[in-house]
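Q: Task: produce atomic coordinates for the following.
(2 chains)
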Amino acid sequence: MQALKLQRRQVLLAISQLALAGSLTACGGSPEESGTVATAVAGDTDLELLASVAYDLMPFPALAVQLYISAAEQLLQSGSPVIAEGLAQLRTASGALPWKEVDESLRLSILATMEGSAFFASVRAATITALFRSPDTFALVGYGGSAIEHGGYINRGFADINWLPQE
Amino acid sequence: MPAIFDLNDDSVVVIIGSGAGGGTVGSELTARGIKVVCLEAGPRLQLGDIVNNEPEMFVKLSWLDRRIGEGYAPDGMPVWSVKGVGGTTTHWTACCPRLEEFEFKSLSTYGQLEDCNLADWPVTLEEMAPWYEHAEDMLGVTGTHGIERLPPSANFKVMEAAARNIGYTNIDTYNMAINSAPRNGRPACLQMGFCNSGCAINAKWTTLFNHIPQAEATDFYDLRPESMVTRIVTDATGRATAVRYIDKAGVEHEQKARVVCVAANVVETTRLLLNSATEQYPNGLANSSDQVGRNYMRHVMGMVFGLMPGEVNWYKGTTCAGVIRDEVKHDTARGFSGGFQFHLLALGPEYIANNLIPNGWGKDYAELMLDYNKLSGVIITGEDPAQAGNRITLHATEKDQFGLPVPIVTYHKHPNTDAMLQYAYQRGREMYESLGATRVFTHEGFGATHNMGTCRMGTDPATSVCNGFGQTHDIDNLFISDGSLFTTSGSANPTLTIISLMLRQADYLATQLESGAL
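A: Take a look at the predicted model:
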């Protein structure tokens, strides 16, 4: 449990560092830009917050955090009020603490209350799109990707299976 | 050589759409020296445009203009059809069962189901048999004409073992319009697994790389892609005389026509007929029966996935080359009328991540995704009873980029459908659990790829739109040339039946033209 907490903390830290490194052009979380956000907590930009929500929705510790940042960038670029409202809701729920410092079980309970929302659906969809079009994710789940350049699978084990009971 | 006919040439047959229906009628008529202008809304892809990339091909192929879904039809995309030369034959999985004899006579066989509008076809399996035979030869359907069936994939082996465990026996790698060996200018399947994204080597039959080039070789075929038809023009005598369309540059043209064949798939065919209303035809063309747009059927559809005890690597191989036919029968002891097939299914990881568990998320869900390669799947395709309230209509105010009303696809499941699905899901669960599956998932409610019934054929003009040849009752020279004319859906994937019906229609139409009757 301790190791997992540490791992998750490391991922969230990495998200922050990459975001701050300016690998993005999306807006930060200043009140002027995001309208409905009452206060912007220092270091808790919209991008970092969205990326960490994306990670909580679909956590693959083995994947690069850049994939989660891409998902967050897509969402922010859409300019959708649904995203701004969702972020405001999360900040309200996390109170004085920046989102990434909220205890994991509390973060997950807060997200669970938002399960039926358009915000949740949008973040989930964008995260899946960002993750599941990446060759790294293909390799992780064992999906072969494009096959034509390898002559398909006719000679690469399309019929192989080793656990079915023998006839 | 592709032909170019003058807009004022009123001796041409104008076909709207170039898919299974439009492509077939076009190539049959031109083979008999009849001039055809084919207007296709979408672009013409080359073989090199087809790549093994699902999201990329989804955007290249799919009809993505706004369609509103109501009820069970998903609002974002109620229908998954293709906008492009070849129509949905670029996207289809090439499954080619025939309709069963009893499925041509659902009303006589089941009686009228409550709140349904069942009817019998005006043709029988016996009349259709020679046309099915011809279509199977043309497409190179495996399991017919001495064509060997495709070899079994690992995913198929799982399905077959599971099916035999629960007593099914009618199982094989299916009747597929995918070459198992080179035939008719197409290579053998390489088991790449991207069937739904277009076959990048043309092993899977499509009108795009087969019928269309054949038609163009005759000098009688003028195909105009990126031509959106907006209206079928009729004259004072009530006949169809021309077709109005907007080209790629946004310029409107009017092509005169001797005969018009509408093959735009269910949504667009309905829209076009309704949008072509005149004072004489206030309810739209060919719609004195008020059946245009009604009786919309999309098949009973559901997926079952098993999380198996070992790797299946289901993505290695065709999407659907496998079938269990045992449930294709009418047996009310099961609790419903009509039958269904299970056929093999394999899906990419993005679709699975989106849909394996509705709104699935979190650590457990991500860990489940890591077991992607242990999944095996089947899809249920079952008879969908015609209901008058399942229909395609026009939005009262919302318009598309051409100023045409946006279509609304309204569909509700009948209790018979739910009973069939529950039974089928239970059998699917038993199948996978018999092999030690640790979990079983079901999924439904996706965009319809089988779309039928909205211009049904029949003998009575009061209750049907066209006759057994697809010739509309109201307008002699207006034909329905796509799946809209199905009277019942049966449990069979519709494309082979569409093509067979169109071979028959083209023969009838050519004879009418040659004799001067039309």
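
Q: Helix, strand or coil: sort out the spatially most central residue of chain A for me.
A: By Cα atoms, centre = their mean, chain A has its centre lying nearest to residue A:54, at 2.3 Å. Look at residue A:54: counting by DSSP: H, G, I helix; E, B strand; the rest coil, its state is helix.

Q: Quick check: next helix or strand after the host helix or strand of residue B:245?
A: According to DSSP states H and E, residue B:245 maps onto strand B:240-246. Per DSSP H and E, the first helix or strand lying C-terminal to strand B:240-246 is strand B:252-256.

Q: So what touches that following strand?
A: With Cβ atoms under 8 Å, 6 or more residues apart in numbering or on different chains as the test, strand B:252-256 has contacts from B:7-10, B:12, B:14, B:37, B:39, B:227, B:230, B:233, B:241-247. (Glycine included, C-beta is placed from N, CA and C.)

Q: Direction included, what does the strand holding residue B:245 pair up with?
A: Its sheet considered, strand B:240-246 pairs with strand B:228-234 (antiparallel), strand B:252-256 (antiparallel) by DSSP bridges.

Q: List only buried entries from the contacts of strand B:252-256.
A: B:12, B:14, B:37, B:39, B:227, B:230, B:233, B:241-246 (16 or more other Cβ atoms under 10 Å in any protein chain shown).

Q: Using TSV, lay out these together with pLDDT.
A: Converted to TSV, these look like this (pLDDT from 0 to 100):
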residue	pLDDT
B:12	98
B:14	98
B:37	98
B:39	98
B:227	98
B:230	98
B:233	98
B:241	98
B:242	98
B:243	98
B:244	98
B:245	98
B:246	98
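
Q: give me the residue from chain B nearest chain A.
A: residue B:190 (2.8 Å; Cβ to the nearest Cβ).

Q: And the pLDDT at that residue?
A: pLDDT for residue B:190: 98.

Q: give me every residue that touches it.
A: Contacts for residue B:190 (Cβ under 8 Å, 6+ apart) come out as A:147, A:148, A:151, A:152, A:153, A:154, B:201, B:203.

Q: Which ones among these lie within helices?
A: Counting by DSSP state H, no part of those is found in helices.

Q: From those residues, list the buried ones, please.
A: A:147, A:152, A:153, A:154, B:201, B:203.

Q: Pipe these into TSV and attach pLDDT per row.
A: Shown next, in TSV, are these (pLDDT from 0 to 100):
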residue	pLDDT
A:147	98
A:152	98
A:153	98
A:154	98
B:201	98
B:203	98
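
Q: Nearest to residue B:140, out of the residues you listed: which one, please.
A: Of all the buried ones among the contacts of residue B:190, residue B:203 has the smallest distance to residue B:140: 9.6 Å, by Cβ to Cβ.

Q: That closest one reaches residue B:178, doesn't it?
A: Yes: if you go by Cβ atoms under 8 Å, residue B:203 and residue B:178 touch, sitting 5.6 Å apart.

Q: anything in contact with each of those two?
A: Common contacts of residue B:203 and residue B:178, defined by Cβ under 8 Å, 6+ apart, comprise residue B:189.

Q: can you tell me which residues contact the residue nearest to the centre of chain A?
A: Residues in contact with residue A:54 (Cβ under 8 Å, 6+ apart) are A:68, A:71, A:72, A:123, A:126, A:127, A:130.

Q: How many residues are close by the residue lying closest to residue B:449 once chain neighbours are set aside?
A: By the measure of Cβ to Cβ, 6 or more residues apart in numbering or on different chains, the closest residue to residue B:449 outside its immediate chain neighbours is residue B:80, 5.0 Å from it. Neighbour count for residue B:80, taken as other Cβ atoms under 10 Å in any protein chain shown: 19.

Q: If I follow the layout properly, residue B:80 ends up in contact with residue B:409?
A: No: the pair residue B:80 / residue B:409 is not scored as a contact, 11.5 Å apart, by Cβ under 8 Å.

Q: Provide a list of residues in contact with the one residue in chain A that gets nearest to chain B.
A: Going by Cβ to the nearest Cβ, chain B is nearest to residue A:152 of chain A, at 2.8 Å. By Cβ under 8 Å, 6+ apart, the contact list for residue A:152 reads A:158, B:189, B:190, B:191, B:192, B:193.

Q: what about residue B:222, which SS state?
A: Going by three-state DSSP: residue B:222 is strand.

Q: For beta bridges, what are the partners of it?
A: Beta-bridge partners, per DSSP bridges, of residue B:222: residue B:37.

Q: In this structure it contacts residue B:38, no?
A: Yes: the pair residue B:222 / residue B:38 is scored as a contact, 7.1 Å apart, by Cβ under 8 Å.

Q: between these two, who's got more neighbours?
A: Between residue B:222 and residue B:38, counted using other Cβ under 10 Å, the more crowded position is residue B:38 (28 against 23).

Q: got the contact list for the most far-flung residue of chain B relative to its centre?
A: No residue in chain B sits farther from the centre than residue B:363, which is 38.7 Å out by Cα atoms, centre = their mean. By Cβ under 8 Å, 6+ apart, the contact list for residue B:363 reads residue A:59.

Q: distance of it from residue A:111?
A: 12 Å (Cβ to Cβ, to the nearest Å).

Q: which stretches of the stretch 301-450 of chain B form strands?
A: B:323-324, B:340-345, B:375-382, B:391-399, B:405-411, B:439-443 (DSSP state E, counting those that start in this stretch).

Q: How about residue B:13: what's its closest non-neighbour residue?
A: residue B:259 (4.6 Å).

Q: What values do phi and psi take at the one you found?
A: When read as degrees, to the nearest 10, the backbone of residue B:259 gives phi -140, psi 150.

Q: thought it was touching residue B:518?
A: Yes: Residue B:259 is within contact range of residue B:518, at 5.8 Å (criterion: Cβ under 8 Å).

Q: Quick check: neighbours shared by these two?
A: Taking Cβ under 8 Å, 6+ apart as the criterion, residue B:259 and residue B:518 both touch B:477, B:509.

Q: Spit out the contact partners of residue B:320.
A: Contacts of residue B:320 by Cβ under 8 Å, 6+ apart are B:93, B:94, B:95, B:174, B:176, B:195, B:343, B:344, B:345, B:346, B:379.

Q: Tabulate those residues in JSON lines, adding columns for distance to residue A:100, pLDDT and neighbour count.
A: As requested, these are exported to JSON lines (distance: Cβ to Cβ, whole Å; pLDDT from 0 to 100; neighbours: other Cβ atoms under 10 Å in any protein chain shown):
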{"residue": "B:93", "distance to residue A:100": "45", "pLDDT": "98", "neighbour count": "24"}
{"residue": "B:94", "distance to residue A:100": "50", "pLDDT": "98", "neighbour count": "29"}
{"residue": "B:95", "distance to residue A:100": "49", "pLDDT": "98", "neighbour count": "28"}
{"residue": "B:174", "distance to residue A:100": "52", "pLDDT": "98", "neighbour count": "28"}
{"residue": "B:176", "distance to residue A:100": "52", "pLDDT": "98", "neighbour count": "29"}
{"residue": "B:195", "distance to residue A:100": "43", "pLDDT": "98", "neighbour count": "23"}
{"residue": "B:343", "distance to residue A:100": "47", "pLDDT": "97", "neighbour count": "23"}
{"residue": "B:344", "distance to residue A:100": "45", "pLDDT": "98", "neighbour count": "29"}
{"residue": "B:345", "distance to residue A:100": "40", "pLDDT": "98", "neighbour count": "21"}
{"residue": "B:346", "distance to residue A:100": "39", "pLDDT": "98", "neighbour count": "26"}
{"residue": "B:379", "distance to residue A:100": "42", "pLDDT": "98", "neighbour count": "24"}
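
Q: What is the nearest of these to residue B:53?
A: residue B:195 (13.4 Å).

Q: Work out for me the element residue B:160 sits within.
A: Per DSSP H and E: helix B:154-165 holds residue B:160.

Q: which residues touch that helix?
A: Here helix B:154-165 makes contact (Cβ under 8 Å, 6+ apart) with A:157-161, A:164-165, B:152, B:171, B:173, B:306, B:308, B:312-314, B:316-317, B:321-322, B:324, B:326, B:342, B:344, B:346, B:376-378, B:431-432, B:434-435.
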